[in-house]
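**Q** no sequence on hand, only this structure:
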């Protein structure tokens, strides 16, 4: 299993996680910068990558293709509402803490899975997403910890 950190997320996070042994890469390492989502989804499926992305528009526009291609996806959510703002430090924290749990869940499944990862206060949360939630096309929002 390999992870592909979308170009909308900091490449430094992929490099840091790769340094400690996680199989994760960034578009620049594969010549995929600027790749259109439909082509990228096909490539991810052919190369058996799990896609880690902050791009909720990809879910809204291409969920059918994602499902048909059998690509597992992790949507990174921030607390910036529509802007979905996350810092490099927050992305690193979420993935560092939740990557092992994610790997266990993906390895235990014989089908593609979809998740949302976000911070609840300072605690990363990995939330499985059901097919009906994903297909509704509504924005994925992390809950604010009050």
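**A** Received it, and whenever you're ready, just let me know what you need. Since this is a predicted model, take the numbers as computed values, not measurements.

**Q** at which residues are the helices of this protein located?
**A** Assigned by DSSP state H, the chain shows helices spanning 11-19, 37-46, 56-69, 88-108, 131-135.

**Q** any chance of those helices in a markdown table, plus mean pLDDT?
**A** Formatted as a markdown table, these follow (pLDDT from 0 to 100):
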| stretch | mean pLDDT |
| --- | --- |
| helix 11-19 | 96 |
| helix 37-46 | 96 |
| helix 56-69 | 89 |
| helix 88-108 | 96 |
| helix 131-135 | 57 |
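
**Q** just send those back as a markdown table, with mean neighbour count too.
**A** Where you see a C-beta, it was placed from the backbone N, CA and C, and this is true even at glycine. Listed next are those as a markdown table, based on neighbours: other Cβ atoms under 10 Å:
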| stretch | mean neighbour count |
| --- | --- |
| helix 11-19 | 17 |
| helix 37-46 | 17 |
| helix 56-69 | 16 |
| helix 88-108 | 16 |
| helix 131-135 | 13 |
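
**Q** and residue 77, which of the ones you listed is closest to it?
**A** helix 56-69 (8.2 Å; Cβ to Cβ).

**Q** quick one: that closest one to helix 37-46, angle?
**A** 40 degrees (axes from the mean of the first three to the mean of the last three Cα atoms, to 10 degrees).

**Q** now residue 7, nearest residue through space, not along the chain?
**A** residue 27 (4.4 Å; Cβ to Cβ, 6 or more residues apart in numbering).

**Q** with residue 84 instead?
**A** Using Cβ to Cβ, 6+ apart, the nearest residue to residue 84 is residue 78, at 4.7 Å.

**Q** burial check on the one you found, number of neighbours?
**A** Around residue 78 there are 18 other residues, counting by other Cβ atoms under 10 Å.

**Q** quick one, what contacts it?
**A** Contacts of residue 78 were listed using Cβ atoms under 8 Å, 6 or more residues apart in numbering, and they are 54, 84-86, 90, 118, 142.
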